[in-house]
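Asker: coords please:
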Amino acid sequence: MKRIVAYMLFLIFLCMLIPIIFTNRRIEKVNGELVENEEIKQEQPKEEYSYKQYGTIKLLHEKTNTVEEIKIDEYLYGVVSSEMPASFEIEALKAQAIVARTYTIYKILNKKHENADICDDSTCCQAWISKEDRLARWEESKRENNWQKINDCINSTKGKIITYNNQPINAFFHSNSGGVTEIPVNVWGGTGYPYLQSVETSGEDAYNQYASEVTFTQEELINKLKQKYSDISIDFSNENEIKILEYTESTRVKTVKFGNHEISGVEARTLLGLKSTNFEITKDGDNIKFSVKGYGHGVGMSQTGADSMAKQGSTAEDIIRHFYAGVEIKFVNEIQ
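Answerer: The predicted structure follows:
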């Protein structure tokens with residue numbers, strides 16, 4: 001009996017095999033069922049985007065003074081995860097990915113470092129963090145999702161950059177504008193860029209962690225200012241001795257008086273360690289209080305502004321066109 005059953009099973013198998021041999025078809029198992037291979041839709045591997053000469057960059061690690069060669073999108077994983085909170089809206093993160101990629105290409109074309117394209121010092125180029133360090137700083141329960149979210153935003157914008165007159169822009173960005181962005185001339189001088197204009201951004205007041213106050217005693221203030229002005233002299237009994245003299249178009253401090261010196265708002269921010277030049281000065285008894293709005297130089301895309309816009313339904317491209325006037329979003333390979 002067992003031999004008969006085995007023989008019958010062999011005949012069934014042979015009947016299934018013969019059509020395959022003569023028709024050159026394969027039988028494959030899909031979801032537990034045998035089907036012919038011509039019915040199976042084989043997913044073709046996605047073609048990797050070609051950055052051509054921009055595929056690999058040289059990254060200078062400032063602390064160790066070493067240069068690492070790294071693929072551009074792998075580099076951007078470390079930039080975006082360092083520069084923008086993973087909790088931000090997806091469209092804001094996509095905008096940051098495009099901005100960071102643009103900034104990188106611009107730096108490659110306008111080299112500042114002798115043996116590298118860009119560095120990991122945020123005061124010079126863009127912040128960057130390794131995957132290992134980034135994961136270690138996130139809560140364990142959020143690590144996998146955060147990293148995947150960042151990767152998806154970069155991969156979904158692969159190759160996209162911001163251009164003006166078919167050239168990558170100098171894509172400045174900052175943390176929080178305090179409601180209005182600044183033009184570069186008021187920060188660094190020079191002639192500026194036509195695409196970097198002062199624009200309003202609604203909803204940034206909700207990010208109250210970027211509002212700050214700094215209070216100095218009279219002696220502390222004098223010592224701070226002496227870093228640059230050794231002959232500084234202030235009569236604290238005279239209310240006109242400490243006074244904002246002029247504001248920029250974005251309501252930031254352009255010129256401020258400290259006793260016998262008039263200095264720029266940018267210099268005051270640096271000397272006093274303020275988060276931005278968007279500040280007011282008041283007396284608090286014998287102390288001097290600086291109430292500060294925003295964080296950063298204020299030029300280009302505001303990251304919290306981008307997040308606020310994304311919460312209101314704006315896409316990454318909407319965000320970019322809001323902060324950078326008259327630009328186009330193209331692929332790297334389209335630039336001349």
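
Asker: any weak-confidence spans in the stretch 201-336 of the chain?
Answerer: 336 (pLDDT under 70).

Asker: Sketch out the helices for it, chain order is fine.
Answerer: Secondary structure of the stretch 201-336 of the chain, counting by DSSP state H, counting those that start in this stretch: helices at 218-225, 265-272, 303-311, 316-323.

Asker: so which of those is the most packed in?
Answerer: helix 303-311 (a mean of 25; mean count of other C-beta atoms under 10 Å). (Glycine included, C-beta is placed from N, CA and C.)

Asker: Nearest residue to Leu196 in space, please, no chain neighbours.
Answerer: If the residues on either side of it in the chain are set aside, Leu196 comes closest to Pro184, at 5.3 Å by C-beta to C-beta, 6 or more residues apart in numbering.

Asker: can you count the residues close to the one you found?
Answerer: 19 (other C-beta atoms under 10 Å).

Asker: show me the contacts for it.
Answerer: 172, 190, 192-193, 196, 299 (C-beta atoms under 8 Å, 6 or more residues apart in numbering).

Asker: hang on, the earlier thing: ok, which of the helices of the stretch 201-336 of the chain comes nearest Ile57?
Answerer: Closest to Ile57 of the helices of the stretch 201-336 of the chain is helix 316-323 (C-beta to C-beta; 21.7 Å).

Asker: so what secondary structure elements neighbour that closest one?
Answerer: The contact analysis (3 or more C-beta pairs under 8 Å, 6 or more residues apart in numbering; DSSP states H and E) places helix 316-323 against helix 90-109, strand 301-302, helix 303-311.

Asker: Kindly recompute the last result at 10 Å.
Answerer: Secondary-structure packing of helix 316-323 (3 or more C-beta pairs under 10 Å, 6 or more residues apart in numbering; DSSP states H and E): helix 90-109, strand 160-164, strand 301-302, helix 303-311, strand 328-331.

Asker: Just the C-alphas of the fourth one, formatted as PDB.
Answerer: The one in question is helix 303-311. Below are the C-alpha coordinates for helix 303-311, written out as PDB (Å, rounded to 0.1, in the frame of the first residue of the first chain):
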ATOM      1  CA  GLN A 303      14.200  75.600  11.500                       C
ATOM      2  CA  THR A 304      11.400  76.200  14.000                       C
ATOM      3  CA  GLY A 305       9.700  78.400  11.300                       C
ATOM      4  CA  ALA A 306      10.000  75.400   8.900                       C
ATOM      5  CA  ASP A 307       8.400  73.100  11.500                       C
ATOM      6  CA  SER A 308       5.600  75.600  12.200                       C
ATOM      7  CA  MET A 309       4.900  75.900   8.400                       C
ATOM      8  CA  ALA A 310       4.900  72.100   8.100                       C
ATOM      9  CA  LYS A 311       2.400  71.800  11.000                       C
END
